[in-house]
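# I need the structure of the sequence given here:
(2 chains)
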Amino acid sequence: MMNICREDSGKGLDMKKLEVGTQGIHVISDEAPLEGFQMLKQAGFSGCDFGLNSYLQNYTLYQFVHNDFFNKTDRELEEFFAPHKKASELTGVRISQMHMPYPICVPKAPQEFNAYLQNVVAPQSLKICAYLACPYIVVHGFKLARELGSEEAEWERTEAFLHTLAPMARERGITLCIENIYTDVGKHIVEGPCCNARKAAMRIDQMNDRYGAEVLGFCFDTGHANLVGIDFEDFLTILGHRVKVLHIHDNDGISDLHQIPFTFSRDRGNRASTDWAGFIRGLANIQFGGILSFETAPALVAFPTEMKCHTLKFIANVGQYFADKIYDLS
Amino acid sequence: MQVSLSAMTVIDLKAAKKYIQYTANAGFQKIMLDLGLFCSGHALENYGKNTGAVEQEELSICLKRFLEQCGEKTFRIDTMRTPHLAWNTERTDLNDLMFRIAKESIQCCEVAGSRNLIVQPLFSGIDKESVWQENYSYLLELGHLAQQSRICLLLENQCRNMNGHFVRGVCSDVDEVAQWIDALNEALGDEVFGFCLDTAACNLCGQDMGEMVVILEKRLRSVLVRECDGLYESSRLAFTGMNSHGCGMDWAGLICGLRRMEFDGELIVDAHDTLRGFSPLLREQIYPLMKSVADYFVWQIEIERKIKKYSAWILFGAGQMCRNYMACYGRKYPPAFTCDNDAGLWGSFVCGLEVKSPKVLRQIPQDCVVIICNTYYKEIAKQLRDMGVVNIETFNDEYLPRR
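This next block holds a predicted model:
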């Protein structure tokens, strides 16, 4: 493990080695959140990606069913998340990014169902985000290109939705982050919303210009990018400072497996089939200053429960490796 | 729109005559001569290691022999394709050879009277920072030669091998490609460069083909229509990759995109891997299917262009296809009414259109078209012709945005 301090390597004082974060799912429980935050701390994480999607799961949404979690009053929501907030403060593991429940627009769902997601769940998510002092929340774009006939028409719908949240986001100092996601044809994964870096950059700038604040940013998802063969370095470099948060995870290029980086190889050379070197160069190019956040919760399920702490530590070590490499290149 | 069959479907050069005959019998009038037929990726990979095909024979000699085998079958060869290095090549020392081969390919185009040459950009052994500069020099030099010969060079999207996983390679970013083509054409003062979209490369990288072609606009001169499973490169017949979840290739997206950008170039069908999968005894029967698939693509892509050339429209059919016409084109190309053979529907309304008896079609003006919105196309077209209707077009709702 490399461990370069900034003084030793002669970097400018403004250069800091990146911190590492991971998902709270399978670690932090609502019953005893402090234990989970402590476990993250001990493993070497200083950031937590707190997903609200576990409170309203996507498989139910695809069946046009939702629970009433987000019907809580503001006070009830604050009471519910107060232990999480306290645990975060006590451990120093800050909630560095969140994930809104997804999809936030279910194709073919009744209009009132999507209206509930967009008019109730989404703003409630922002309130929780603000309460937990989290600066970024990831929002999935609508998957409607096939229905509407073009990606432009699809974006218009997503943009209209984002406009409903932007004033609240500005008011509460939150940046909504759109993410590169995928869709599929016959189970073969192909690019979905926000997979064109140039368009995403232009749209983010337009939105932020309009509101005079960074209400919109980007979440770069390495696993999704790998599934659709995106060039990590180019994509990150084009988006530049607009990249606010990361979803770091790995897969075989076929399925969205959310495993630990360097897990997969596709030939007998046994070298990684995901372009992690390009990822490192890309983040160095843009002088990324956020948190190296892993979205690898499924790995905690794949490994035996008894190994959870070790697995978390290993993920943190991989993050530390990235941090070192990016620091070297920056 | 032009349709060609890739000459890679000549599975066995020793039996070329037979496959050429199959091609002619199926109704193809053009072939795209992939010079990889004479100089394979495998041969390039082994170049200099042993007596490879490249060293043994020049492409022009191979071409001459091939044309002789075509004999009386006078196919037009509008487009050729340079021999290609495999995306997972380990050779980083062949760029000079590739330049020589590309120059030979231009000469081959001159011999066969071809107007387009699909060119693989340089990628092997070139780092990311130098890829444009290296290709600019290479392509500009080729461009000068092509310009003299009045040949258009079509760049083609490539995959990059990431340790066995194909990801987006050189010329896969169509925004960048558009810049490349514009810069090269500006330097040459002429439209020497265009683009050929390889659908299999797109599918391997999960790219949205429909959006890509819209961005490319008129730079897109040809589309190499071949299917793969998204994991390995292959050239299968379109629509054959069906599984229980559907077709793993976004043909709907491509068709809609080509329709949106009013594609009027060349569709090149390549299905040589599908052919190879069949016994030589069965292969002949695949050729008519390949032709039907090509014709189907053309029909689907040209649906809107055919409709928009008229100034007045009448529909035939009052079912779901009529409703889908109205949803997609009802505002752009509003029909006066619709007809149906079902007398029970006469006088009723569908999407605001009155349903009338077909008899009224005997008095429609000359500039009016009757658009058949019913899958009994042949039968209804005959009925209309028998009634003296001249302008008859067909509509289909298989590949429409679900508005």
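
# Alpha carbons of the helix or strand containing residue A:165, in PDB - could you do that?
Residue A:165 is part of helix A:151-172, with elements assigned from DSSP states H and E. Below are the C-alpha coordinates for helix A:151-172, written out as PDB (Å, rounded to 0.1, in the frame of the first residue of the first chain):
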ATOM      1  CA  GLU A 151     -32.900  11.200 -26.100                       C
ATOM      2  CA  GLU A 152     -33.700  14.900 -26.300                       C
ATOM      3  CA  ALA A 153     -37.300  14.400 -25.600                       C
ATOM      4  CA  GLU A 154     -36.400  12.100 -22.700                       C
ATOM      5  CA  TRP A 155     -34.100  14.800 -21.200                       C
ATOM      6  CA  GLU A 156     -36.900  17.400 -21.500                       C
ATOM      7  CA  ARG A 157     -39.000  15.300 -19.100                       C
ATOM      8  CA  THR A 158     -36.100  14.800 -16.700                       C
ATOM      9  CA  GLU A 159     -35.200  18.500 -16.900                       C
ATOM     10  CA  ALA A 160     -38.800  19.500 -16.200                       C
ATOM     11  CA  PHE A 161     -38.700  17.300 -13.100                       C
ATOM     12  CA  LEU A 162     -35.300  18.700 -12.000                       C
ATOM     13  CA  HIS A 163     -36.700  22.200 -12.300                       C
ATOM     14  CA  THR A 164     -39.300  21.300  -9.700                       C
ATOM     15  CA  LEU A 165     -36.500  20.400  -7.200                       C
ATOM     16  CA  ALA A 166     -33.900  23.000  -8.100                       C
ATOM     17  CA  PRO A 167     -35.300  25.900  -6.100                       C
ATOM     18  CA  MET A 168     -35.400  23.700  -3.000                       C
ATOM     19  CA  ALA A 169     -31.900  22.400  -3.700                       C
ATOM     20  CA  ARG A 170     -30.500  25.900  -4.000                       C
ATOM     21  CA  GLU A 171     -32.200  27.000  -0.900                       C
ATOM     22  CA  ARG A 172     -30.800  24.100   1.100                       C
END
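
# Let me know the next secondary structure element after it.
Downstream of helix A:151-172 (by DSSP H and E), the next one is strand A:175-179.

# Tell me the first helix or strand C-terminal of that next one.
Following strand A:175-179 in sequence, per DSSP H and E, is strand A:182-185.

# How far does stretch A:207-219 stretch from one end to the other?
Start-to-end span of stretch A:207-219 (C-alpha to C-alpha, to the nearest Å) is 16 Å.

# quick one: buried residues of it?
A:207, A:208, A:213, A:214, A:215, A:216, A:217, A:218, A:219 (16 or more other C-beta atoms under 10 Å in any protein chain shown). C-betas here are computed from N, CA, C, even on glycine.

# So for residue B:19, what's the nearest residue that isn't a sequence neighbour?
Using C-beta to C-beta, 6 or more residues apart in numbering or on different chains and skipping the chain neighbours, the partner closest in space to residue B:19 is residue B:10 (4.3 Å).

# So the one you found sits against residue B:38, correct?
No: the pair residue B:10 and residue B:38 does not pass the contact test of C-beta atoms under 8 Å, sitting 10.6 Å apart.

# quick one on the thing from earlier: taking strand A:175-179 as reference, get the angle to the helix holding residue A:165.
Helix A:151-172 runs at 150 degrees relative to strand A:175-179, counting by axes from the mean of the first three to the mean of the last three C-alpha atoms, to 10 degrees.

# same for helix A:151-172, what does it pack against?
With contacts defined as 3 or more C-beta pairs under 8 Å, 6 or more residues apart in numbering or on different chains; DSSP states H and E, the packing partners of helix A:151-172 are helix A:122-131, helix A:145-148, strand A:175-179, helix A:197-211.

# at 6 Å instead, please
Applying 3 or more C-beta pairs under 6 Å, 6 or more residues apart in numbering or on different chains; DSSP states H and E, one finds that helix A:151-172 contacts helix A:122-131, helix A:145-148.

# Please give the centre-to-centre distance between it and its chain.
In terms of C-alpha atoms, centre = their mean, to the nearest Å, the centre of helix A:151-172 is found 18 Å from the chain centre.

# and what of stretch B:389-402?
Going by C-alpha atoms, centre = their mean, where stretch B:389-402 is centred and where its chain is centred differ by 21 Å.

# Find the one among the helices and strands packed on helix A:151-172 with the highest mean neighbour count.
helix A:122-131 (a mean of 21; mean count of other C-beta atoms under 10 Å in any protein chain shown).

# Can you list the neighbours in contact with it?
Helix A:122-131 is contacted from outside by A:52, A:70, A:74, A:77-78, A:98, A:100, A:104, A:137, A:165, A:168, A:172, A:174, using C-beta atoms under 6 Å, 6 or more residues apart in numbering or on different chains.

# Make CSV out of these and add neighbour count and pLDDT.
Formatted as CSV, the contacts of helix A:122-131 follow (neighbours: other C-beta atoms under 10 Å in any protein chain shown; pLDDT from 0 to 100):
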residue, neighbour count, pLDDT
A:52, 22, 97
A:70, 21, 97
A:74, 11, 97
A:77, 18, 98
A:78, 15, 98
A:98, 26, 98
A:100, 25, 98
A:104, 21, 96
A:137, 27, 98
A:165, 22, 98
A:168, 17, 98
A:172, 13, 97
A:174, 25, 98
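
# farthest pair in those?
The largest separation in those, counting by C-beta to C-beta, is between A:78 and A:104 at 22.4 Å.

# Now for the chain, the helix or strand with the poorest mean pLDDT.
You didn't say which chain, so I picked chain A. helix A:145-148 (a mean of 90; mean pLDDT, DSSP states H and E).

# that's the wrong chain, I meant chain B
helix B:53-56 (a mean of 52).
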